[in-house]
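K.L.:
return atomic coordinates for the entry below.
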Amino acid sequence: MHQFSAPHASLGDLDADLAARVIAASADVALILDDDGVIRDVAVGKADFLAEGAAAWMGRPWADTVSEDSRPKVEALIGDALADLPSPWRQIAYAVPDGADIPVLYTVVRLAARSRPAPAHHPETRPDSSSGSRIVAIGRDMRSVAAMQQRLLIAQQTVERDYNRLRHLETRYRLLFKLSSEAVLFVDSASRRIIEANPTAHTLLADSNKSLVGRVFPHGLEAEDADSIETLLASVRAMGRGEDVIARLGPAKREVMVSAALFRFERTVQYLIRLTPQTGGGDGTLVTHTRARLLDVLDGAPDGIVVTDMEGVILSANTAFLDFVQVATEGQVRGRPLGRYIGRQGVEVMPLIANLRELETVRQFTTVVHGDVGTSTPVEISAVAVPHADRPCLGFILRAATQREGDGDSGQATVTPPRSVEQLTELVGRVSLKEIIRETNDMIEKLCIQAALELTGDNRASAAEMLGLSRQSLYVKLRRYHLGDLTPHDSN
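P.N.:
You can find the predicted model right below:
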């Protein structure tokens, strides 16, 4: 600390009033203490310093006016002053009810004892003020500094949170970059050199163990496809987007779909390029070889397989289902409701879908499939719901519900005979009431025809007349229910 070199010459003989003005002007709060640390006088430079005002401190020990944690500091300051030791600045806190403590930075100076009568215009001066030494405590209000420190602390915490969030984002990016099943490249837009490549890209494009970093894109792709890739990159550079292109890779000329996007990093412009092997559907979805084989098996299965959305609109179907509904291509059924092809007038599909949504599986739902040219095929449907996937859907497997003649001569598929009463009761809760009623009607119709044939001794003309049917209608129903021995000439 540097002191005045010649205070007597530079300051002269200052009287008490002038000294008080100097002390008050140099501090936000100034205290005059006696040797016992009792406050004898106070000067406050800020009106909002304390609500109770300076008068409340008069005659009280300084240590009693501060917070409990600051009392040892006050005692240390007074001790330094009485020992004529240089006093360091210490932060003292004043407790404020229902508010934050007020921090004040204090230093103390001990004044030599003087014997001088008090002026007549200072009646408030204590009787003992003319004897003994005095201690001056000079304080600086630190609320603005504390507020700035608080803001700095909040800013540091915000920076740390942002840094942690960015670090976690980078970790997730690195993990995704490493585990991605697509080849991903970062390419400098000016030099076209590869800046970074994920492990899948190294497996797909690199020669043996050589790194891709530093090589010129499109490394590893056929030279004949360079023009289309250049057109893609130029379009992305000019307009921010471009149509994906198909390129061939390596001697096997394996097809990959090349996609590109543009972004800025610091002062450079880079391409983000994705190479997706074309092993799956036409929507560009990546499909592994194992999954591709499974899809081939499903497409060639003898049972009809159809996938719909949760409302029953067809999304995809295999070849067997196309044969059931008698159309040539999948595009002819995609986007149509499944009820267009299944059930009587399409009303049986809605109960089926409702049960499927609730139970998630349905087995052996008996119905018919209608073809576009008017034919109908009886089928049994097993179905499953996948409600928790990224794209919820319903899957249906249709199997022809056929039964051959006992002697195996005709070789023609016939309709499944009506169920027994026990079988019908088992359907409750699994299929709609309409379907159960249809099965019941078929069972009653079969029993009535059997009774008529028994009563007439298998005379079909008499049985038809008894039942109120034409002979031709009776033969149709006999064939439907496999009753009697019919020849091709019986329907004539």
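
K.L.:
going forward, measure contacts and count neighbours with C-alpha atoms only.
P.N.:
Noted.

K.L.:
domain-wise, how is this structure divided?
P.N.:
Domains of the chain are assigned by automatic domain parsing as 7-141, 180-277, 289-400, 417-492.

K.L.:
got CSV for those, with distance to residue 165 and mean neighbour count too?
P.N.:
Shown next, in CSV, are the domains of the chain (distance: least, CA to CA, whole Å; neighbours: other CA atoms under 10 Å):
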stretch, distance to residue 165, mean neighbour count
domain 7-141, 32, 16
domain 180-277, 19, 16
domain 289-400, 27, 18
domain 417-492, 52, 15
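
K.L.:
to residue 160, which of these lies closest?
P.N.:
Of all those, it is domain 180-277 that lies closest to residue 160, at 21.7 Å by CA to CA.

K.L.:
and stretch 74-83, average pLDDT?
P.N.:
Across stretch 74-83, pLDDT averages out at 89.

K.L.:
can I get the CA coordinates of that stretch in CSV?
P.N.:
Coordinates of each C-alpha in stretch 74-83 appear next as CSV, following Å, rounded to 0.1, in the frame of the first residue of the first chain:
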residue,chain,number,x,y,z
VAL,A,74,-15.4,-7.5,12.6
GLU,A,75,-13.4,-8.5,15.6
ALA,A,76,-10.4,-9.2,13.5
LEU,A,77,-10.6,-5.7,11.9
ILE,A,78,-10.9,-4.0,15.3
GLY,A,79,-8.0,-6.1,16.6
ASP,A,80,-5.8,-5.0,13.7
ALA,A,81,-6.7,-1.4,14.2
LEU,A,82,-5.9,-1.4,17.9
ALA,A,83,-2.6,-3.1,17.2
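
K.L.:
what does it contact?
P.N.:
Under the criterion CA atoms under 8 Å, 6 or more residues apart in numbering, residues 35, 37, 62-63, 86-87, 90, 92, 107-110, 135 lie in contact with stretch 74-83.

K.L.:
coming back round to it: residue 159 is nearest to which of the domains of the chain?
P.N.:
domain 180-277 (19.9 Å).

K.L.:
let me see the mean pLDDT of that closest one.
P.N.:
Here the average pLDDT along domain 180-277 is 81.

K.L.:
how long is that domain from one end to the other?
P.N.:
Start and end residues of domain 180-277 are separated by 13 Å (CA to CA, to the nearest Å).

K.L.:
of all the domains of the chain, which lies closest to residue 154?
P.N.:
Across the domains of the chain, closest to residue 154 is domain 7-141 (CA to CA), at 16.8 Å.

K.L.:
could the domains of the chain go into CSV alongside distance to residue 157?
P.N.:
Shown next, in CSV, are the domains of the chain (distance: least, CA to CA, whole Å):
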stretch, distance to residue 157
domain 7-141, 21
domain 180-277, 25
domain 289-400, 38
domain 417-492, 61
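
K.L.:
how about the strands in the stretch 251-400 of the chain?
P.N.:
254-265, 268-277, 304-308, 314-317, 361-370, 376-386, 393-400 (DSSP state E, counting those that start in this stretch).

K.L.:
hmm, back to that, from the contacts of stretch 74-83, which land in helices?
P.N.:
Residues of those located in helices (DSSP state H): 62, 63.

K.L.:
and the contacts of stretch 74-83, which is closest to residue 338?
P.N.:
Nearest to residue 338 among the contacts of stretch 74-83, with distances taken as CA to CA, is residue 92, at 81.8 Å.

K.L.:
the closest one bridge partners, please.
P.N.:
For residue 92, the beta-bridge partners under DSSP bridges are residue 104.
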